[in-house]
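> Quick check, what structure comes out for this input:
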Amino acid sequence: MNYKTSYWLMRILGVGGLLVMLIGAFTNQVVLSGVGVACVLIGTLQMNFFYRCPHCKRDLPKRTLHKTCPYCKKPLD
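Numbers count the residues shown, from 1 in each chain. Predicted structure coming up:
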């Protein structure tokens, strides 16, 4: 998996997981809340493994999708 896919997968799983958790909390469905928590955890774990510079293999800062690596200064595209 490349760093762009990992970034967007984390965003989708994070927001989707939070929405599922809220729906589960408002409807008192523990299983639905658990699914939401699992989505957020899976998204976070995959980002920790795959959101890396393809050149120097260091973790990229998580806030934005970068165009160049802040460590080796090589373009990421």
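> where exactly do the helices run in the chain?
Ranges of helices in the chain, per DSSP state H, are 3-26, 30-50.
> so where's this protein shaky on pLDDT?
Nowhere does the chain drop to pLDDT under 70.
> mind running it again at 90?
By pLDDT under 90, the weakly predicted segments of the chain are 1-4, 51, 59-67, 76-77.
> P70 is in contact with D59, isn't it?
No: with contact defined as C-beta atoms under 8 Å, P70 does not reach D59; the gap is 10.4 Å. Just so you know, the C-beta spots here come from the backbone N, C-alpha and C atoms, and that holds for glycine as well.
> picking that back up, put together TSV for the helices of the chain, with distance to K74 and mean neighbour count on each row.
Converted to TSV, the helices of the chain look like this (distance: least, C-beta to C-beta, whole Å; neighbours: other C-beta atoms under 10 Å):
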stretch	distance to K74	mean neighbour count
helix 3-26	12	16
helix 30-50	18	15
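> mind checking which of these is nearest H66?
helix 3-26 (8.3 Å; C-beta to C-beta).
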